[in-house]
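Student: Here is a sequence together with a model predicted from it:
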Amino acid sequence: MISYSLHLSNKKHALTTTKKVAGASKHNLRQYQSSDYSPEKIIVLRGENNILEDVKQIYHQEFEEALKEYNKGKRSDRQIDDYLQYVSESGKNDVAAEMIIQLGDKEFWTDKSMEQKVKMKEVFQNQIEALEQLVPAFKIASAVLHLDEASPHMHIVGIPVATGYKRGLAKQTAKTKVFTIETLSIIQEEMHKKAEEEMEQNPDLFAGEEIKTIERGRNSDWSKEYFVHKKEEQFQDLTKEVEILEQSKHEAEDEFVKTVTDIAVQKEFMRYAFLEEPKSAIGKMVSAAWKQFKGWWEKQKMPEVEKEARVSIKDRLERAKEESKVMKSKKQNLETQKNKEQEI
């Protein structure tokens, strides 16, 4: 029995910003020097040699018209110049989504030759096409096959796209709308079937092997957006209970009104604060106060914060180096012990 996994990256591995996408590009395309990896064993199945540029191209293709329509008739300070940059900085949605697909674990591939691993190129190419047919809203920007690790696996980076929005752009990037717990379950099941078909069509690699049944619960997206959605559902449930309990209803309404007004005043303050040439008296007052605060921050507080951050980074690097030495020593000891056992 061999395993098949399709995993949607989330939490700290989610591609929430352009910086995270650039980091994925560096990892997926092996754009660094290391004795542990071999660039010759990296096969680009979709995209070019810069995943961030591939993502930018998809954003241009998918959102340019929606962005023009959104900006039409709006004041310059309320327009969005670059939708990719806007998504990256706003923190409301992930910039892109990454899937990792693997067929066969380390145990299965341990005695296979590189020539056999290279044959997986066609298998994974077919997986890409199957995924595009299954999830047309997931616009694939990059797909890279790794043959330099224990098991051949593929990294797919794409942009989930949804339409019909009433606020903001009519067409937006929407990871949690395209990839819900329900849709991920369906995707995994269908792609699992496609993997079985690929095994049947490649008997030289998979003769006599069967694929393991689906492991449930590994593909939920526990991202910030998911938890926000769950909080909204909880609030809706609470509202239903409040309708039954009149007193609680009034308390909930008061709390809701307070939350809305607090958010509104913060948004209004920041709108005035960032005006380049405020014309109203309130705008001038807020803008001046913001500039004064910013000047104090940059002069008095920011150097202290930066200093503490640099010390923290230095400490973490030192700890990482020490941990690396310990792990390397343990590995050498294990190899020495293994060699002695083989000699006996």
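Tutor: Good, I have the coordinates.
Student: lowest average confidence, helix or strand, in this protein?
Tutor: helix 224-244 (a mean of 47; mean pLDDT, DSSP states H and E).
Student: just checking, next helix/strand downstream of that one?
Tutor: As assigned by DSSP states H and E, the chain's next helix or strand after helix 224-244 is helix 246-273.
Student: So which elements touch that next one?
Tutor: Helices and strands touching helix 246-273, by 3 or more C-beta pairs under 8 Å, 6 or more residues apart in numbering; DSSP states H and E, are helix 224-244, helix 281-296. Just so you know, the C-beta spots here come from the backbone N, C-alpha and C atoms, and that holds for glycine as well.
Student: starting at the chain centroid, how far to that helix?
Tutor: 31 Å (C-alpha atoms, centre = their mean, to the nearest Å).
Student: ditto for stretch 114-129
Tutor: With C-alpha atoms, centre = their mean, you get 24 Å for stretch 114-129.
Student: and that stretch, which residues are buried?
Tutor: For stretch 114-129, the neighbour count (16 or more other C-beta atoms under 10 Å) marks 117, 120, 123-125, 127-128 as buried.
Student: which other residues reach that stretch?
Tutor: Stretch 114-129 is contacted from outside by 41, 43, 45-46, 101, 103, 109, 140, 143, 145, 147, 152, 154, 156, 191, 194-195, 198, 202, 204-205, using C-beta atoms under 8 Å, 6 or more residues apart in numbering.
Student: Could you rerun that using 7 Å?
Tutor: By C-beta atoms under 7 Å, 6 or more residues apart in numbering, the residues outside stretch 114-129 that reach it are 43, 45-46, 101, 103, 109, 140, 143, 145, 147, 152, 154, 156, 191, 194, 198, 202, 205.
Student: can you tell me the helix or strand for Ser151?
Tutor: Element membership for Ser151, per DSSP H and E: none, as it lies in no helix or strand.
Student: What values do phi and psi take at it?
Tutor: Backbone torsions for Ser151, taken as degrees, to the nearest 10, come to phi -130, psi 140.
Student: Nearest spatial neighbour of it, chain-adjacent residues omitted?
Tutor: Closest residue to Ser151 apart from its sequence neighbours, by C-beta to C-beta, 6 or more residues apart in numbering: Trp109 at 4.9 Å.
Student: now do Ala150
Tutor: Nearest to Ala150 is Lys106, by C-beta to C-beta, 6+ apart, at 3.9 Å.
Student: Is it correct that the one you found is in contact with Glu149?
Tutor: No: using C-beta atoms under 7 Å, Lys106 is not in contact with Glu149; the gap is 8.8 Å.
Student: Surely Val55 is in a helix?
Tutor: Yes: counting by DSSP: H, G, I helix; E, B strand; the rest coil, Val55 is part of a helix.
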